[in-house]
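Peer 1: missing the sequence, but the structure's below:
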């Protein structure tokens with residue numbers, strides 16, 4: 001994904017910067033930070049989607065149970081008593 005890059009100024013704890021430089025090197029920091037941030041944002045979006053799906057499933061479950069109760073008599077009609 002190639003988009004326009006914009007220079008920003010950020011402040012990091014010294015030990016985090018040292019770890020970043022150790023892994024990426026001083027010339028690849030921006031690339032590693034951008035990739036890490038993209039992954040983090042995807043995880044947040046995925047978590048939000050999962051929450052929305054869970055909420056939808058819970059609502060649908062209640063509606064399905066209500067419908068099942070409403071038609072229970074019709075479903076059992078004609079069945080022999082056990």
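Peer 2: Cool, got the structure. From a predicted model like this one, the values you see are computed outputs, not experimental measurements.

Peer 1: name the helices or strands packed onto the host helix or strand of residue 44?
Peer 2: Residue 44 belongs to helix 29-70 when assigned by DSSP states H and E. Judged by 3 or more Cβ pairs under 8 Å, 6 or more residues apart in numbering; DSSP states H and E, helix 29-70 is in contact with helix 14-24. In this view, the C-beta of every residue, glycine as well, is placed from N, C-alpha and C.

Peer 1: for the record, mean pLDDT for the helix it packs on?
Peer 2: Mean pLDDT, helix 14-24: 95.

Peer 1: with stretch 61-70 instead?
Peer 2: Stretch 61-70 comes out at a mean pLDDT of 84.

Peer 1: gap between it and the chain center?
Peer 2: Computed by Cα atoms, centre = their mean, to the nearest Å, the separation of stretch 61-70 from the middle of its chain amounts to 28 Å.

Peer 1: neighbours around residue 28, how many?
Peer 2: The tally of other residues near residue 28 (other Cβ atoms under 10 Å) stands at 13.

Peer 1: whoops, residue 30 was the one
Peer 2: Residue 30: 12 surrounding residues under other Cβ under 10 Å.

Peer 1: excluding chain neighbours, give the residue nearest to it in space.
Peer 2: In this structure, residue 30 finds its nearest non-sequential neighbour in residue 5, 7.8 Å apart by Cβ to Cβ, 6 or more residues apart in numbering.
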